[in-house]
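Undergrad: got a structure for you, letters missing:
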């Protein structure tokens, strides 16, 4: 019977130490209810019961950020699509200016002048 008590005591001490270390190493944002120092006092002063309270009440679950495999899986990225940004507007204006310049070059009504021909002449 003494062996059973010894094993239970070792398990209780192991659980108690694990509870203290876990409570101490968690960031303050993962503590529910009271602050981190108060949880440490609870876990230290109430060895097994404090550890049970810590794991049941005090420790908040870790929130895992969603993993996006492609940009179209990310709702934030999808929210940025669809609006015309400044860069898109600049590109649109430049394309219009280039189209206007191309239209001027293709206008058959304007006769070419002597200075417009960039080809070298043969003599």
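TA: Thanks, I have the structure now. Just so we're clear, the structure is a prediction, and the values are computed from it rather than from any experiment.
Undergrad: with residue 50 as the reference, measure out to the closest residue to residue 35 other than its chain neighbours.
TA: Using Cβ to Cβ, 6 or more residues apart in numbering and skipping the chain neighbours, the partner closest in space to residue 35 is residue 28 (7.3 Å). (Glycine included, C-beta is placed from N, CA and C.) Applying Cβ to Cβ, to the nearest Å, the value for residue 28 to residue 50 is 18 Å.
Undergrad: so how far is residue 53 from the residue nearest to residue 35?
TA: The value you get for residue 28 to residue 53, if Cβ to Cβ is used, is 18 Å.
Undergrad: now do residue 24
TA: 15 Å.
Undergrad: what residues of stretch 42-55 count as buried?
TA: 42-43, 47, 50-51, 53-54 (16 or more other Cβ atoms under 10 Å).
Undergrad: er, stretch 26-38 I mean
TA: 26, 31, 36.
Undergrad: any idea of the mean pLDDT for that stretch?
TA: Here stretch 26-38 scores 84 as its mean pLDDT.
Undergrad: again with stretch 100-107
TA: 77.
Undergrad: likewise for stretch 70-84?
TA: Per-residue scores along stretch 70-84 average to 68.
Undergrad: again with stretch 45-57
TA: 90.
Undergrad: can you give me the end-to-end distance of that stretch?
TA: Terminal residues of stretch 45-57 are spaced 17 Å apart (Cα to Cα, to the nearest Å).
Undergrad: contacting residues around it?
TA: 12-13, 15-16, 18-20, 22-23, 32-33, 39, 42-44 (Cβ atoms under 8 Å, 6 or more residues apart in numbering).
Undergrad: inside helices: which ones of these?
TA: The helices, defined by DSSP state H, take in 12-13, 15-16, 18-20, 22-23, 39, 42-44 from the contacts of stretch 45-57.
Undergrad: out of these, which comes closest to residue 98?
TA: Among these, residue 22 lies closest to residue 98 (Cβ to Cβ), at 64.5 Å.
Undergrad: from the contacts of stretch 45-57, which is closest to residue 92?
TA: residue 32 (52.3 Å).
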